[in-house]
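> got a structure for you, letters missing:
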């Protein structure tokens, strides 16, 4: 979707995606090899009662859902950052995740009218409708391309 | 390192890691397939003048450096979340990244003495000493295991 289609209060839905143990292990072994993410046998004996996904993996899955749902054909060119990130509930093998992204604000830069700025709050929910991840993100849009079209 | 070794004001250094184009593409194509992360030819024509890594990829690389430098043999059992995340400078193929993690606070929960809580600020720097990523994170430590040992 295009920058012009983002409206304050809109909720953009993405997913679902199902998280496999193989994917949890692959991500964890490359980027977050703590035993509760990367070692199923030890994780089964640990306080989480089994393997849980790296929080960064959940973020990455959320990003993929946001790209597929909204950003893939937009004028997005990146993000300056995030507000608070909350990992509320562990993500486990077999969980089915979906994204609900609420658009909080949409504006164009007062000094650079070809710069669009959208902020949105992402909530990732599992198959039990528990919010597993919540974060606030800002996306920048290059509107100069539109004008040259 | 163990929870008891974290001290306020300490700076823990991690890395370096070199980011390859192949790894940028692999991460982006799985989790953030926007063209400026996943399509080298189009990215070369775009505003960034070449491929840049997904910000989530930079976070994942930072996490790996933090695990290798400090968490891998600790009592860490996860994180409730992050404060602000700032992606300040693009990460490009061939960049060499390192982590400087400053310990901001170390405490044990007043209600649960077996719960250790550390907050630290991560700065990821590239080979030009530019801060490419900055974030505040909280790590939880399970101190009950120590007592059973």
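Here it is on my side, so go on. Quantities reported herein were computed from a predicted structural model and do not represent experimental measurements.

> thought residue A:113 was touching residue A:143?
Yes - between residue A:113 and residue A:143 there is a contact under CB atoms under 8 Å: 7.4 Å. Placement of C-beta: from N, CA and C, glycine included.

> which of the two has more neighbours?
residue A:143 (17 against 11; other CB atoms under 10 Å in any protein chain shown).

> so that one touches residue A:74, yeah?
No - with contact defined as CB under 8 Å, residue A:143 does not reach residue A:74; the gap is 10.6 Å.

> what residues are shared contacts of these two?
residue A:3 (CB atoms under 8 Å, 6 or more residues apart in numbering or on different chains).

> residue A:47: neighbouring residues, count only.
Residue A:47: 11 surrounding residues under other CB under 10 Å.

> how close does it sit to chain B?
According to CB to the nearest CB, to the nearest Å, residue A:47 stands 6 Å off from chain B.

> quickly list what residue A:100 is bridged to.
Counting by DSSP bridges, residue A:100 is bridged to residue A:13, residue A:123.

> neighbours around it, how many?
19.

> and it, how close does it get to residue A:58?
Note on residue A:100: its distance to residue A:58, by CB to CB, to the nearest Å, is 14 Å.

> quick one, helices of chain A?
Shown for chain A, the helices assigned by DSSP state H span residues A:21-31, A:35-38, A:40-45, A:55-66, A:144-148.

> mean neighbour count, mean pLDDT and distance to chain B for these - can I get that in CSV?
CSV is the format used below for those (neighbours: other CB atoms under 10 Å in any protein chain shown; pLDDT from 0 to 100; distance: least, CB to the nearest CB, whole Å):
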stretch, mean neighbour count, mean pLDDT, distance to chain B
helix A:21-31, 18, 98, 4
helix A:35-38, 22, 98, 6
helix A:40-45, 13, 97, 10
helix A:55-66, 25, 98, 4
helix A:144-148, 11, 58, 9
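
> closest one to residue B:86 among those?
helix A:55-66 (15.2 Å; CB to CB).

> what about that closest one, distance to the chain center?
4 Å (CA atoms, centre = their mean, to the nearest Å).

> for it, packing partners?
strand A:11-18, helix A:21-31, strand A:81-87, strand A:96-108, strand A:115-125, strand A:131-142, helix B:21-31, helix B:55-66 (3 or more CB pairs under 8 Å, 6 or more residues apart in numbering or on different chains; DSSP states H and E).

> tell me the contacts of the spatially most central residue of chain A?
Centroid check for chain A by CA atoms, centre = their mean gives residue A:62 as the closest residue, at 2.6 Å. By CB under 8 Å, 6+ apart, the residues touching residue A:62 are A:97, A:99, A:122, A:124, A:133, A:135.

> next one: residue A:86
Applying CB under 8 Å, 6+ apart, the residues near residue A:86 are A:133-135, B:80-81.

> from those residues, list just the buried residues.
The neighbour-count test (16 or more other CB atoms under 10 Å in any protein chain shown) marks A:133-135, B:81 as buried among those.

> let me know the closest of those residues to residue B:89.
Nearest to residue B:89 among the buried ones among the contacts of residue A:86, with distances taken as CB to CB, is residue A:135, at 21.2 Å.

> excluding covalently adjacent residues, which one is nearest to that closest one?
What sits nearest to residue A:135 in space, not counting adjacent residues and going by CB to CB, 6 or more residues apart in numbering or on different chains, is residue A:85, at 4.3 Å.

> just give me the neighbour total for that neighbour.
The burial count for residue A:85: 26, using other CB under 10 Å.

> how near is it to residue B:8?
The value you get for residue A:85 to residue B:8, if CB to CB is used, is 23 Å.

> follow-up on the earlier one: taking the contacts of residue A:86, tell me the two that lie furthest apart.
Maximum pairwise distance among the contacts of residue A:86 (CB to CB): 12.6 Å, between A:135 and B:80.

> tell me where the model's unsure across chain A.
A:145-149 (pLDDT under 70).

> circling back: how about the helices of chain A in a markdown table, adding distance to residue B:14?
Below are the helices of chain A laid out as a markdown table (distance: least, CB to CB, whole Å):
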| stretch | distance to residue B:14 |
| --- | --- |
| helix A:21-31 | 13 |
| helix A:35-38 | 18 |
| helix A:40-45 | 23 |
| helix A:55-66 | 15 |
| helix A:144-148 | 38 |
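
> among those helices, which is nearest residue B:26?
Residue B:26 lies closest to helix A:21-31 among these, at 9.5 Å (CB to CB).

> now for the closest one, which elements pack on it?
Helix A:21-31 packs on helix A:35-38, helix A:55-66, helix B:55-66, going by 3+ CB pairs under 8 Å, 6+ apart.
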